[in-house]
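Undergrad: sequence and predicted model, in that order:
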There are 2 protein chains.
Amino acid sequence: MTMTKRKVVVTRQLIDEAQILLDAKREELEVVQWQSEKPCDRSWLLDNAKDATGILVMLSDKVDEELLEAAGSQLKAIASFSVGTDHVDRDALRKRKIRLGYTPTCLTDAVADLTIMLILMAQRRGGESIAKVMKGEWPQMPWHPLLMTGPQIRGSTVGFLGFGRIAQASLQRLLPFGIKRVIYLTSKPGQLAKEDHFGLIKDCAIPIEPAQSADRLAKESDVVVVGCALTSSTKHLVSTDFFNKMKKLAVIVNIARGPVIDTDALVKALDEEQIFGAGLDVIENEPNIQADHPILKQPRCVLVPHIGSATIETREQMAMESVKNLLAGLTGEPMVNEVELSSVTETPKY
Amino acid sequence: MTMTKRKVVVTRQLIDEAQILLDAKREELEVVQWQSEKPCDRSWLLDNAKDATGILVMLSDKVDEELLEAAGSQLKAIASFSVGTDHVDRDALRKRKIRLGYTPTCLTDAVADLTIMLILMAQRRGGESIAKVMKGEWPQMPWHPLLMTGPQIRGSTVGFLGFGRIAQASLQRLLPFGIKRVIYLTSKPGQLAKEDHFGLIKDCAIPIEPAQSADRLAKESDVVVVGCALTSSTKHLVSTDFFNKMKKLAVIVNIARGPVIDTDALVKALDEEQIFGAGLDVIENEPNIQADHPILKQPRCVLVPHIGSATIETREQMAMESVKNLLAGLTGEPMVNEVELSSVTETPKY
């Protein structure tokens, strides 16, 4: 008697150990995997989803009614290689009782590291410096005491818009740079942060306090770190009003979601020297940023292409967790991280 | 009865408080100051040095027999706005018993901050990322799991070539990034570092150990920080042999002096993917780096124009200390930092 193998569909070649773990299951599972380096073709996915028990998807693969219909009623689990799940129709999953796995926790270090890089690049005029050297201007830069100087981080007040795990991991890294004070704004202004992920809030040599308002945070910070979720109330939270209240030598860094900062207002603030500089991992309308985009004309702004989680280790871990979530979804075991579809939860940030 | 005012010559306009401090002395001193933003003209300096009791100079002003002769035997002090004193003929000062002030300590924070920026830029492909965005390539970068990934710093072994104050200040900043081990090489391989500037060596949660050789340091490090003085034995200490022993995913950062790294060997190591990336604040033959220099063709190398100490706060402090050294030199009081000309000491690094 032969049992039919359960089918899983995977929309990517995976990395190293994750692929090995998946391949080790080929005796018991029919594994159908997209082979190209390009994002998975939609029609390929719809064709191959038929009869699948689990599907491992990337951010670029939409999980909607159409896909679930194409798969059929035996589908038990979606495992998304991502922190955000905006590409997944949760209601559609919920009504079919399909479980949803994702990979929210393993990128904290990678994003926090990048946050520090962007703060220092913004303060120390890193983008401007590199550009001058690349253009061959170094030989013609006569030394003077304030040549290419920026503000120093020691003694800074750092303001966090959003104070979750990544913000707190960034703060942990900033402490030995000699920052002197931390303020943060959450969805409940003035209230203590609920979670103290690294034991910093309770036990820190410098004051860490909730801000009463975005205005106060803008006025008092030398470094502003945008690390909040994108919601209707945080969209364009940082706009002309905010920039006008910031210090002339302050910098702003965005490692959250582009639309929290109003790009036009940022360009204006930089043009008018309302602030000293900016470091962005994300921006409105990414990735559709053409070479003539006005932000790219700002020497004091550094923009990198959403590489917050782009470390080899993090991506390997995300791949491993995705495969584990997929397998757990087939057998009914607990996933490493599962979205609670039954309750109404906010969309995670990344 | 009128007393002749003592004369001081200052080869720069100074910054804020330093200028104020100097101007406050104009009742008792004749202050002759170079007015232009350009470096001080040599013939102007020689003309005006005559009868000076003190001269405040920049790195670009040579202090030699010619200048001292032009000044005359009443000259008591040179105050250099610099950490390095390669531009000063110490023997010439010594035999005339002229004191030499300099500003070696106040830039530790600024250089250590930049060290962290360069490490992260090298690991996280910062230069390459910025360049892709500037060229308008972001819209055409299809996402895949290893897109723009680099090694993560958590778990790294960090190797310091030279383990003085700036290296130790950099280490202090690196600890919360989760590095797991530190090795260092000084002029006495295998021996414990003499000075523990921030109490890290004695009391650290991770091992901090002297390396037996440059080879071992190259082999074992995930991050190499060049922070040693330039001497005949450190010139090209990092060359092809060293790179060949490094890990393929390792990065190297130079915040010391350009010639410690053999640039041709670095270009070759990057070309052949012998190492992952590099971050340089200094380079051989700086500032004469033209736009067609081979290092600028390496996407995994970031080069900034020797901005290690370029923060507003540091430069202000250097200016203040220079003026204080100048005034102390006139009155015979202790300087903030004075070079011991009577003993044979090594040239300080910066």
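TA: Good, I have the coordinates.

Undergrad: hey, where'd the helices end up in the stretch 151-300 of chain A?
TA: Applying DSSP state H, counting those that start in this stretch to the stretch 151-300 of chain A gives helices spanning A:165-174, A:214-220, A:240-245, A:263-271.

Undergrad: do the first one and chain B meet?
TA: Yes: Helix A:165-174 lies within reach of chain B by CB under 8 Å from any CB of the partner chain, at A:172-173. C-beta: built from backbone N, CA, C; applies to glycine.

Undergrad: buried stuff in that helix?
TA: Buried positions in helix A:165-174, judged by neighbour count with 16 or more other CB atoms under 10 Å in any protein chain shown: A:165-174.

Undergrad: with pLDDT and distance to residue A:59 as new columns, can the residues you listed be given to me in TSV?
TA: Listed next are the buried residues of helix A:165-174 as TSV, based on pLDDT from 0 to 100; distance: CB to CB, whole Å:
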residue	pLDDT	distance to residue A:59
A:165	93	20
A:166	95	18
A:167	98	22
A:168	98	25
A:169	98	22
A:170	98	23
A:171	98	27
A:172	98	28
A:173	98	26
A:174	98	29
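
Undergrad: export the residues you listed to TSV and tack on distance to residue B:285?
TA: Shown next, in TSV, are those (distance: CB to CB, whole Å):
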residue	distance to residue B:285
A:165	46
A:166	41
A:167	43
A:168	44
A:169	40
A:170	37
A:171	41
A:172	40
A:173	35
A:174	36
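
Undergrad: check what pLDDT whatever residue of the stretch 201-350 of chain A ends up closest to chain B gets.
TA: As assessed by CB to the nearest CB, chain B sits closest to residue A:291 within the stretch 201-350 of chain A, at 3.1 Å. In this prediction, residue A:291 carries a pLDDT score of 98.

Undergrad: with residue A:84 instead?
TA: For residue A:84, the pLDDT comes out at 81.

Undergrad: what's the neighbour count on the residue of the stretch 101-250 of chain A found nearest chain B?
TA: Closest residue of the stretch 101-250 of chain A to chain B, CB to the nearest CB: residue A:136 (3.1 Å). Neighbour count for residue A:136, taken as other CB atoms under 10 Å in any protein chain shown: 15.

Undergrad: wait, it touches residue B:288, no?
TA: No: the pair residue A:136 / residue B:288 is not scored as a contact, 10.0 Å apart, by CB atoms under 8 Å.

Undergrad: mutual contacts of the two, please.
TA: Common neighbours of residue A:136 and residue B:288, counting by CB atoms under 8 Å, 6 or more residues apart in numbering or on different chains, are absent.

Undergrad: how about the residue of the stretch 101-250 of chain A closest to chain B, secondary structure?
TA: When classified by DSSP: H, G, I helix; E, B strand; the rest coil, residue A:136 comes out as coil.

Undergrad: what's in contact with stretch A:10-24?
TA: A:31-35, A:37, A:39-40, A:45, A:55-58, A:61, A:81, A:315-316, A:319-320, A:322-324, A:326, B:144-146.

Undergrad: narrow those to those in strands?
TA: If you go by DSSP state E, these have A:31-33, A:55-58, A:81 in strands.

Undergrad: restrict the residues you listed to contacts with chain B.
TA: The subset of the ones in strands among the contacts of stretch A:10-24 within reach of chain B, counting by CB under 8 Å from any CB, consists of A:58, A:81.

Undergrad: mind putting the ones in strands among the contacts of stretch A:10-24 into CSV with neighbour count and pLDDT?
TA: As requested, the ones in strands among the contacts of stretch A:10-24 are exported to CSV (neighbours: other CB atoms under 10 Å in any protein chain shown; pLDDT from 0 to 100):
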residue, neighbour count, pLDDT
A:31, 16, 97
A:32, 19, 97
A:33, 17, 97
A:55, 28, 98
A:56, 30, 98
A:57, 25, 97
A:58, 19, 93
A:81, 27, 94
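
Undergrad: now, which of the ones in strands among the contacts of stretch A:10-24 sits nearest residue B:102?
TA: residue A:81 (55.5 Å; CB to CB).

Undergrad: and the closest residue in space to that closest one that isn't next to it in sequence, how many neighbours?
TA: Nearest non-adjacent residue to residue A:81, counting by CB to CB, 6 or more residues apart in numbering or on different chains: residue A:322, 4.4 Å away. Other residues lying near residue A:322 total 29 when counted by other CB under 10 Å.

Undergrad: and residue A:217, by the same measure?
TA: The burial count for residue A:217: 23, using other CB under 10 Å.

Undergrad: give the contact list for it.
TA: So residue A:217 contacts A:159, A:161, A:183-185, A:211, A:224 (CB under 8 Å, 6+ apart).

Undergrad: if we use 6 Å, what do you get?
TA: Residues in contact with residue A:217, defined by CB atoms under 6 Å, 6 or more residues apart in numbering or on different chains, are A:159, A:183, A:185, A:211.

Undergrad: and the buried ones among these, selectable in ChimeraX?
TA: Only the buried entries of the contacts of residue A:217 go into this ChimeraX selection, using 16+ other CB under 10 Å:
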select /A:159,183,185,211
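
Undergrad: what is the nearest of the contacts of residue A:217 to residue B:215?
TA: Nearest to residue B:215 out of the contacts of residue A:217 is residue A:159 (CB to CB; 46.4 Å).

Undergrad: quick one: that closest one and residue A:182 touch, right?
TA: No: taking contacts as CB atoms under 6 Å, residue A:159 lies outside contact range of residue A:182: 7.7 Å.

Undergrad: show me the contacts for the residue lying closest to residue A:80 once chain neighbours are set aside.
TA: Spatially, and ignoring its direct neighbours in sequence, residue A:80 is nearest to residue A:102 (4.8 Å; CB to CB, 6+ apart). Residue A:102 makes contact with A:80, A:82, A:85, A:337, A:339, according to CB under 6 Å, 6+ apart.

Undergrad: ok, 10 Å please
TA: Listed by CB atoms under 10 Å, 6 or more residues apart in numbering or on different chains, the contact set of residue A:102 reads A:78-85, A:88, A:318, A:321-322, A:325, A:335-339, A:348, A:350.

Undergrad: need phi/psi at it.
TA: Dihedral pair for residue A:102: phi -150, psi -180, per degrees, to the nearest 10.

Undergrad: for it, give me the pLDDT.
TA: If you check residue A:102, the pLDDT there is 96.

Undergrad: then residue A:347?
TA: Residue A:347 carries a pLDDT value of 45.

Undergrad: where's the residue lying closest to residue A:51 once chain neighbours are set aside, which helix or strand?
TA: Nearest non-adjacent residue to residue A:51, counting by CB to CB, 6+ apart: residue A:7, 5.4 Å away. Secondary structure assigned from DSSP states H and E places residue A:7 in strand A:6-10.

Undergrad: from the chain's centroid, how far away is that strand?
TA: Strand A:6-10 sits 28 Å away from the centroid of its parent chain (CA atoms, centre = their mean, to the nearest Å).

Undergrad: since that was my last question, I'll sign off now.
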